[in-house]
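Undergrad: Sequence and computational prediction follow.
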Amino acid sequence: MSTKDEINGFLTSRRARISPEQAGIPVFAGKRRVPGLRREEVAQLAGVSTDYYSKLERGNTQGASREVLEAIARALQLDDTETRHLMDLVQITASPSRQRSRPRRRTAVAPGTQLVLDALTVPAFVQNARLDFVAANTLGAALYDVQDPREGGELFNAARFQFLDPRAEEFFRDFDRARRNAVALLHQAVGRDPYDEELVRLIGQLSTRSPEFRALWASHDVIRYQRGTKRYHHSKVGDVEFGYESFELTTDPGLTLLVYTVEPHSPTAERLALLGSWVTAPHTDDVTTTLTNQVAARDH
């Protein structure tokens, strides 16, 4: 995975999405050969030469100052996350010493972090940049119907689940958006650490096995976790809807804590209580049948 290719794909895709009208550039008669802005138009808006911008778009970032990058970000109308992504990519190419021999990314949390997870009465997870579930509390693991990450073996990966597991389309009520967000988060991760070997393997696996992933990867969109809404269909309790808040763990760089919030006395709160009773009870057919009947009764 070449950082220069990432820079080229990112800047080209951002340039293509802006029309001259959006950029405030006069449009003259005649057919335009490229969608969006031309390179010379971006250069003019950023106050740099066309040759300089063309080299930058090809991934030649030698000597690119923060001021120039910020001017290009304004010309391309990048948001804060996209601007940070561009800065990360340029910093990687400008600092070859950062490219290798770094410590392996964390795949476990400190005992104190796990205690915090277990104390929460709502689903909660810790993810790394590859979207592995590094840790979860009981409700979090039950929501996704996965084994507790602490039990060993391959970590559950949200992106692999979304693109390679046939159950995902029924589970995610906003399936297309969930997939777009997962790819955008992986793109952001590549900008921060393009030499993470496990991340490269994951992207290679998804690109090889999923045409949908390849198409979304080519968009070069990036996002970062903040807050929002999650809507799922659980196989045992039905439709649930959560808010969520995200927190970067300062004691574990590269890990993000996701905490789902639930409206009190809502259908989701009731169904989450049922799910909690199911995971603490013996897993028998009678328990599952009773749970299904309770959910059906509450829906009518």
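TA: Yep, that arrived. Computed from a predicted model, the values in this text were never measured in an experiment.
Undergrad: The closest residue to Val262 other than its chain neighbours: neighbour count?
TA: With sequence-adjacent residues excluded and distances taken as CB to CB, 6 or more residues apart in numbering, Val262 is closest to Ala269, at 5.0 Å. (Each C-beta comes from the backbone N, C-alpha and C, glycine too.) Using other CB atoms under 10 Å, Ala269 is surrounded by 13 other residues.
Undergrad: Could you check how far Ala269 is from Pro123?
TA: Distance, Ala269 to Pro123, by CB to CB, to the nearest Å: 12 Å.
Undergrad: what does Leu56 give?
TA: 43 Å.
Undergrad: do the same with Glu67
TA: 44 Å.
Undergrad: before we move on, back to that, find the helix or strand that the residue nearest to Val262 is a member of.
TA: Per DSSP states H and E: Ala269 is located in helix 267-280.
Undergrad: Pull the distance from that helix to the chain's centre.
TA: How far helix 267-280 lies from its chain's middle: 27 Å, per CA atoms, centre = their mean, to the nearest Å.
Undergrad: hey, which helix is longest across this protein?
TA: Scanning the chain for the helix with the most residues, using DSSP state H, yields helix 175-192.
Undergrad: and that helix, what does it pack onto?
TA: Packed against helix 175-192 by the contact rule (3 or more CB pairs under 8 Å, 6 or more residues apart in numbering; DSSP states H and E) you find helix 80-94, helix 158-164, helix 197-209, helix 211-217.
Undergrad: Please identify the most buried of the ones you listed.
TA: helix 158-164 (a mean of 21; mean count of other CB atoms under 10 Å).
Undergrad: residues contacting Asp80?
TA: With CB atoms under 8 Å, 6 or more residues apart in numbering as the criterion, no residue contacts Asp80.
Undergrad: Val122 versus that one, what's the distance?
TA: 28 Å.
Undergrad: before we move on, what about Ser19?
TA: Ser19 is 43 Å from Val122, by CB to CB.
Undergrad: Specify which residue of these two has the higher count of neighbours.
TA: Higher neighbour count among Ser19 and Val122: Val122, with 18 against 13, using other CB under 10 Å.
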